[in-house]
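Peer 1: Next comes the sequence, and after it the predicted model I'd like to discuss.
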Amino acid sequence: SARHEPSANFFDGLFLHASYLGFASFNEQSLSNMAWSLAVVGSSHGTDMLCSIAEEVSGLPSPHPRTSTTVLWSCVKTTAAVEVLGTDCLATLVSQASLRMPETSPQDLSTLAWSMATAKLL
């Protein structure tokens, strides 16, 4: 029997359901994974959802540096998200990561540097 590949509609539906549940109900790892997936695969609702996730994460008291870094990278990869969010939200993600710099892995540091340079957050 032929394998059915998930369609773009399925992917969109998955994200719509997630936003219906409310991103506040997701843990940091889930928010990070959702943002990364949106940036890599894209979705017709991608920019809106990415912005919602970024706003959710930037409002957290002390997220893990990997969470802030992944969400920042995802926004920077999605040019429209950068335009919608503006620099305040993105700068907050950077400062969240820098507050816990000793816990930031070399890979995350390089991702942070790339994101800041690409978004010209310097």
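Peer 2: Done, it's in.
Peer 1: Does the most centrally placed residue in the chain fall in a helix, a strand, or a coil region?
Peer 2: Nearest to the mean C-alpha position of the chain, counting by C-alpha atoms, centre = their mean, stands residue 71 at 2.6 Å. The three-state label given to residue 71 by DSSP: H, G, I helix; E, B strand; the rest coil is helix.
Peer 1: what sits against it?
Peer 2: The neighbourhood of residue 71, defined by C-beta atoms under 8 Å, 6 or more residues apart in numbering, consists of 31, 32, 35, 53, 54, 57, 93. C-beta coordinates here come from the backbone N, C-alpha and C atoms, glycine included.
Peer 1: any idea which helix or strand comes after the lowest-mean-pLDDT helix or strand in the chain?
Peer 2: Least confident helix or strand of the chain, by mean pLDDT, DSSP states H and E, is helix 8-21 with a mean of 82. Counting by DSSP states H and E, the next helix or strand C-terminal to helix 8-21 is helix 28-41.
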